[in-house]
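Participant: build me a model:
(chains A and B)
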Amino acid sequence: MALISYVYNENRPKYCIYLMKKLLPLVLLVSVAHVSFVSAQEFSRKFGKPTDHELQMTNYERDTSAVAVYLYEMTNVRYDYLPGIHTTPFKQFRNYSVKIKVLKPEGVSLADVEIPYYFTSNSKEYVSGITAVAYNKVNGKTVKTPVKSKEMFTEQLSDKRYVRKFSIPEVRVGTVIEYKYTVTSDFFWDIDPIRVQHEHPVIYSFAEVATPQYFKFNVNASGLHPVVIKTSRGNSNTAYYDDVRTCVALDVPGLEDEPHVWNVDDFRAKVDFELQAIDFPGVMYKSYATTWQSVNENLEKSDFSSNLKMSNPLKEEVAAITASETDESTRIRSILRLVTSRMSWNGTYSIWGTGIRQKLRNGAGNSAEINFVLNSALRDAGFKTTPVLLNPHQYGRLPYGNPSMDNIRAFIIRVDLSNGRTVFVDGTNPDNDLNLIPSAYMVDRARVYGDHSMDGWVDLTSLSPNTQSVILNGSVDQDGKLTGNMSCMVQNTLARMLKSSYRQFHSEDAYIEKLETENGMEISSYEISDLQEPIVTERLEFSLKNDESGEYIYLKATGIPFMTKNILTQQERKLPIEFSYPAQYNLIARIAIPEDYEIEEVPSPVRMSACDNGVSYVYQISVENRIITVNLQYSQDRVIFTQTEYPDLHTFWSLMIEKNNSSIILKRT
Amino acid sequence: MSGYKKSIGFFFCMVVVPVIAMAQNYPVVSIPEEIRKGSDAVVRYSETEFDYISRTHAKQRNVLVITVLGSAGEHMSVFAEHIDKFSSLSKFSGQIYDADGRPVRKIKSSELKYSDYSGSNLADDYRTYYCTPSTPPPPYSVRYEWETATKNAVWAFPAFYPVPAMSVGVEKSLYRLKLPAGTRFYVKAYNLEDKCENHSDGKKDIYEWKIEKHPPIFPEVFSKPRYELPPALFFSPEYFVYDGVEGSMRDWYAYAEWQWKLLENRSVLPPPLKTHIAELTRNAATDMEKLRILYDYLGESTRYVSIQIGIGGFQPMSVTEVYKTKYGDCKALTNYLHAMLKECGIESYYCEIGVDRRSIPPDFAHPAMSNHALLMVPVKTDTLWVECTNPELPLGYRHSLIVGQNALVYKDGSAEIIQVPPYPDTLNLSVRKADVNLAPDGYVTARVRATDHLHKYAESRHFGKMNANDRINFLRSEVNIPVAFISNTGYREVRESHPYSVLEYDLEATGIGSSTGSRMFFPAMLFRKPLSVKFSRTYRRSDIHVREGHSTKDITRVCFEGNHFVVEAVPADVCVESKYGSYSMSLRVVEDGIDIERSFFLRSGTYDKSEIDEFRNFIDSVISGDGGKIVLKKKQGSPLLLFKDIVTNFAPMKSSRKLLNEELGRLAPADAINADKIPVTVLLDNVRSMNNVGSFFRTCDAFGIEKLLLCGITGTPPNREIHKTALGAEDSVVWEHIADTVEAVEKLQRNGYTVITVEQVEGAVMLQEFVPQAESKYALVFGNEVDGVAQSVVDRCDEAIEIPQAGSKHSLNVSVSGGVVLWPFFCALRKLL
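Facilitator: Numbers count the residues shown, from 1 in each chain, chains lettered A, B, ... in the order given. From the prediction side, this is the model:
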């Protein structure tokens, strides 16, 4: 048995049934928006006309490492009014065409094409008009090889998701691939974002989106590469006119993912279309959420709101807690424990819940269903609660403007305490606690439900300190062997990580072995505190060999290896650096030196900070009564750094790692 | 091979009662400790009953009860059943139990999902039913019961895999075969005793295998691959019918006979291809040349696309189809090359092989044993094994997935089993040679050359595919020098039948390791990751297995420039010889440096687990040799320019009272290149000293100068001397080298710059009298240390500025004058920012 995962997105908006009834009486005519392109000599933007230059080019000058380059990519979205015969009167036509030059062997996989589409009983999408061709120069002649329809396949991915697949033949290094298709869609309210930027560079990207005047779309370009958007009015020979937007981008570089990036899509050049309103003058006007106020209002009307008001399904248990616990924090913690012990997260993020009581009986639910239960239990215990909406890291950030209900993935709960303070809780992980939410939830932009103003934004990146504190006491003998004891305390997120790492091992012995190998030490005793608590302490007795030679002992100043690897490995950085959580690491090592040795050299002390105190580091060393004390503190207060800060951050880390690795030289007297 | 016949082992009155009928409880506490220990999940009970109705029809009934103990075992709660066009899922039900074994809920049939997504295959005949039920927090149990039916194709009985995954213990698992009386079949057992109970009721022969109380299996270091660890039983019927084609699975010859029918008539060449082949090979003298030409043609003209359609995915696309589309799967491409070679009169043999699975056993035929095709081509002196799906592999190189595996080689209507010969371990050679120069101030420059042969070559190939940035980042992670700057990377492959790659790069770093005071510490292994293996010290379950042997050599010479260092300590030499391989690490201190030589040979082989201590001792001595550190001490003289000192310079801790908390943010590359700049460009006309250039970088960084133009002989980064005075500012200041100063001045003027020479010339304005204008853009020209700004350049400039002086010397040092002149510009223009 294997876990199966699929690449396509499950959600499609699901309103507008009522609207279609209203539209049917309208009779409208439509003409096809006509587009003409400027054709350059070197590159052609006409389908079926590859130029000699395109066929002969061997690399892409702006990026010689590119394995393929999009010579053009064009999308044309338009609408037709087709009443009567179809379930929805407006149809969306999305014409897509692309021409790709294959430059390196890895680029041939671009000839494997998949076109996903949706097919439900009410609303359907069709893929039609697929033309796909490979062009090759053979003996100076251009040879054209098309894909035949029997070489195209359709596969069903799930009950409503399908994919049309084909592989273009005769594709090798040097081939120009070109294909086009049309998707006809009943989901007229939903325009797929125009993705201007891809893994491979794009020379010319063009999109024209013509929407009937009745549909008010908000257009939003984002990403690091500029897209020029022009708006005009189209076709006047029908009963309505179109709002036409053209989106043009030139020489778009390939977008590569980098380490420490939450979601590379946040930086991808793309244009999003959000339906703001449908407005048939004199017939109907319906607004769709485009401000946080309207999102709040729409949520208020939805079952999101009723789920927030549901009665507590764990009445007795909560009553027992309120009866026995008087301290507010303890009460909240007990309720959180109660809910996480009754329901496990099924891995799905959502803000919607159905059949929540049954889900509770089943013992599992999505992120929303668990938090609805948690919310009702907290309310029942007398707390004032407010949901806070957010998108986990991997889904990108919530937008400041033009938000849409469908793009909010999760929420957590803010609880007001009687002392005026607030705490945030979430029930998707049994190791969560007050102000300890999953790392993926630690976003800089979350939204307080019900607050329409700019004050509604809340930063969840640093709700609670994530600290590791190591205290080490030991003595080194004449052979350079350090023997001592050490306590390592971790808190919050770091504790949660330790817990999951500890539990991965089949036995404590196996975990201790891992510690021994990682640190090059032998552990003679080990104990770990209660894994139920948000603070976990490990205590151990250990011994570790230092290098020695002749009359010298080279003593590792920190006693044990401590933050010895630079996590920033890139020489250059293109995207901002986004860490998962802020953290602080402290170490105090007190090491007694052997009788007949004296200290010859010690590392120099350092205090430094970089990136506006985003990171800071202190390294102190002192000697008293033949005991060396090293005090080390690293603190990373910020989680997001700009790409221009990278050189600083990198230098900072390099200096710190160098310092952490340094030795004390002891000499025999 | 074992064949079961009806006549043996006839038990009277033994009735096989389906165990399914009784609803059972599965409390977690009843799991025996020896199974629970180390398990993420436990198979409580599994029953598979395969009812072989006829050669074309069968029914399979399954019960599976799994207890999930922790989150790592949650994947075991997922149900998945793969079916194809001959089979269907006829029944399905599921039930979830809590930790105490109490039923929680039934799994609804609506939770069962269906997909025919074929993933990386373009198309195939396989479909999947799957179910990912909502479950309570672990521990809990899931029970599935399902049935499948097969029509028109039963060519093997399902295999018995009682231990379905790593870290899963098994309480009880049983497998039952029901066959029409007298049916012959064959069994192959792995890691399991082939012991069964059997009886007959006259119509049916019934066989039953079971396994009880099997502890979990874990992947261990130096053990056989995961697919070889668990117990397994494979079954083949003597006769089968597949999609209307009859055959026998008696042995590989019988199987091959059947497969021949599928290969027949698939290799007719279309006429244009015939002509093309004739053209291509016209001038080739030998068979080897022809083979090479056709192999290259195959690689250039086709590509691999996985298509598993047609008879069980066993019939290749015809040559005609491949010629038309220029793509195909391994079978199609192998058959294609085979046909082309035949056209040239070259004999070649279509082969089947198992990759990422057990090698084909010679004594047992089963269709699932092979999953790949390749071509065997005997040439004069050698036999080539040709992989037809990856044209980037050099012809004749036997890649690591196929070496050592048995191939089923089709010859003249029959077949034989031949092992694809492995390479001798010593030929998988990897060499790193490095020359390291250590300057008196600790600055490191090195040239590294890495040569990798055969399987080591195959591992290095991904480097060739990386872009420039990724290459640098990859090498930075490979070397054991902190903050290395990599440049001039070069990579080439010598694509012979014994291929190798050569990778070269330059490395610079401000320090070779860490330092304390006058001492520097650096690892003996500078340019390769030291061996790191995590052995468990307490238990070993599986035999020791080294699949691929190899030989690595590292030759590093560290030279102390100017002989400013003495070696205070080196690790003791290590030299080990054992049956598992050999290792030596030797460090030789010479007059002006140190020579480090490491050589590690690991032999391939399989050893009994009782040898683990001996084997671990060998590996431990490698680890300890690789971990050696060298200590250098600076001879008397100037202190080291190491990171430590840069830090001390930048952010010293003067006293505990008040701390100079200098922000690196301003000193290092800073918000740097994108930060706001003042509209001033500095032009250096033939400045000779690199130290001066470095100073200008630092000054320009400090004052936010928009650009530094380095003209004529003026040196440019990267340069060690520049770096010493610039201290990294060369990365934060935009600079450009322009050969001709006059041209640079003219270009600036065209772009609206007021170009000012800083020189003592007639009509020059005294610095204190010059007022920079807010709306202007300025370019300041500084000249050579001795000759000043060239007259031809002075002539082109719009204005001149002179620094008033009262001393005895003719002028200021050029970099000092830079600082003096830029200050008033900075004061006047920074308000613009």
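Participant: mind showing which ranges of the chain have poor pLDDT?
Facilitator: Picked chain A for this. A:1-41, A:83-88, A:236-238, A:289-290 (pLDDT under 70).
Participant: you answered for a different chain; I wanted chain B.
Facilitator: Checking chain B against pLDDT under 70 turns up B:1-24, B:116-125, B:307-313, B:636-675, B:831-833.
Participant: for the residue in it that chain A sits nearest to, the count of nearby residues, please.
Facilitator: Nearest residue of chain B to chain A: residue B:136, at 2.3 Å (C-beta to the nearest C-beta). Where C-beta positions appear, they are placed from N, C-alpha and C, glycine not excepted. Residue B:136 has 22 neighbours, counted by other C-beta atoms under 10 Å in any protein chain shown.
Participant: cool, and residue A:351?
Facilitator: 23.
Participant: next, count neighbours for the residue of chain A found nearest chain B.
Facilitator: Nearest residue of chain A to chain B: residue A:363, at 2.3 Å (C-beta to the nearest C-beta). Residue A:363 has 21 neighbouring residues, counting by other C-beta under 10 Å.
Participant: what backbone torsions are found at it?
Facilitator: phi 90, psi 10 (degrees, to the nearest 10).
Participant: dump the residue contacts of it.
Facilitator: A:342-344, B:96, B:98, B:104, B:134-137, B:140 (C-beta atoms under 8 Å, 6 or more residues apart in numbering or on different chains).
Participant: tell me which of those fall in strands.
Facilitator: Counting by DSSP state E, those place A:344, B:96, B:104, B:140 in strands.
Participant: once you drop chain neighbours, what's closest to the third one?
Facilitator: Nearest non-adjacent residue to residue B:104, counting by C-beta to C-beta, 6 or more residues apart in numbering or on different chains: residue B:96, 4.6 Å away.
Participant: now for the one you found: which residues touch it?
Facilitator: A:362-363, B:103-107, B:133, B:135-136, B:140-143.
Participant: centre-most residue in chain A?
Facilitator: residue A:394 (1.4 Å; C-alpha atoms, centre = their mean).
Participant: tally up the residues packed near the residue lying closest to that residue once chain neighbours are set aside, please.
Facilitator: Spatially, and ignoring its direct neighbours in sequence, residue A:394 is nearest to residue A:263 (5.4 Å; C-beta to C-beta, 6+ apart). A total of 16 residues lie near residue A:263 under the criterion other C-beta under 10 Å.
Participant: one more: residue A:149?
Facilitator: Neighbours around residue A:149, by other C-beta under 10 Å: 8.
Participant: list the contacts for it?
Facilitator: residue A:130.
Participant: any figure for the gap between it and residue A:175?
Facilitator: 21 Å (C-beta to C-beta, to the nearest Å).
Participant: and the stretch 351-500 of chain A, which residues reach chain B?
Facilitator: Counting by C-beta under 8 Å from any C-beta of the partner chain, the residues of the stretch 351-500 of chain A close to chain B are A:359, A:361-365, A:430.
Participant: ranges for the helices of the stretch 301-450 of chain B?
Facilitator: Secondary structure of the stretch 301-450 of chain B by DSSP state H, counting those that start in this stretch: the helices cover B:319-325, B:330-343.
Participant: again, but for the stretch 351-500 of chain A
Facilitator: Counting by DSSP H, counting those that start in this stretch, residue ranges of the helices within the stretch 351-500 of chain A are A:356-362, A:367-380, A:492-504.
Participant: among these, which is nearest residue A:623?
Facilitator: helix A:492-504 (30.7 Å; C-beta to C-beta).
Participant: buried set for that closest one?
Facilitator: A:492-499 (16 or more other C-beta atoms under 10 Å in any protein chain shown).
Participant: which of the residues of the stretch 351-500 of chain A next to chain B count as buried?
Facilitator: Buried, going by 16+ other C-beta under 10 Å: A:359, A:362-365, A:430, out of those.
Participant: from those residues, pick the one nearest residue A:643.
Facilitator: Using C-beta to C-beta, these come closest to residue A:643 at residue A:430, 37.0 Å.
Participant: OK, contacts around that closest one?
Facilitator: Contacts of residue A:430 by C-beta under 8 Å, 6+ apart are A:337, A:340-341, A:344, B:137.
Participant: quick one: it from residue B:364, how far?
Facilitator: Computed as C-beta to C-beta, the residue A:430 to residue B:364 distance reads 48 Å.
Participant: again with residue A:324
Facilitator: 66 Å.
Participant: of the two, who's got more company?
Facilitator: Just comparing residue A:324 and residue B:364: by other C-beta under 10 Å the higher neighbour count belongs to residue B:364, 19 against 10.
Participant: and the gap between the residue found closest to that one once you drop the neighbours it is linked to in the chain and residue B:235?
Facilitator: Distances taken as C-beta to C-beta, 6+ apart place residue B:188 nearest to residue B:364, at 4.0 Å, with adjacent residues excluded. Remark: distance between residue B:188 and residue B:235 (C-beta to C-beta) = 8 Å.
Participant: so between the two, which is more surrounded?
Facilitator: Set residue B:188 next to residue B:235 and count neighbours by other C-beta under 10 Å: residue B:235 wins out with 23 against 20.
Participant: hang on, the more buried one in a helix?
Facilitator: No. Applying DSSP: H, G, I helix; E, B strand; the rest coil, one finds residue B:235 to be strand, outside a helix.
Participant: I figured it was touching residue B:179, is that so?
Facilitator: No. Contact status for residue B:235 versus residue B:179: not in contact, 10.0 Å apart, counting by C-beta atoms under 8 Å.
Participant: tell me, what's touching these two both at once?
Facilitator: Contacts common to residue B:235 and residue B:179, judged by C-beta under 8 Å, 6+ apart, are residue B:185.
Participant: how many other residues sit next to residue A:485?
Facilitator: If we define neighbours as other C-beta under 10 Å, then residue A:485 has 14 of them.
Participant: which of the contacts of residue B:96 are buried?
Facilitator: A:362-363, B:104-105, B:107, B:133, B:135-136, B:140-143.
Participant: overlap of the contact sets of residue B:188 and residue B:235?
Facilitator: Common contact partners of residue B:188 and residue B:235 (C-beta under 8 Å, 6+ apart): residue B:366.
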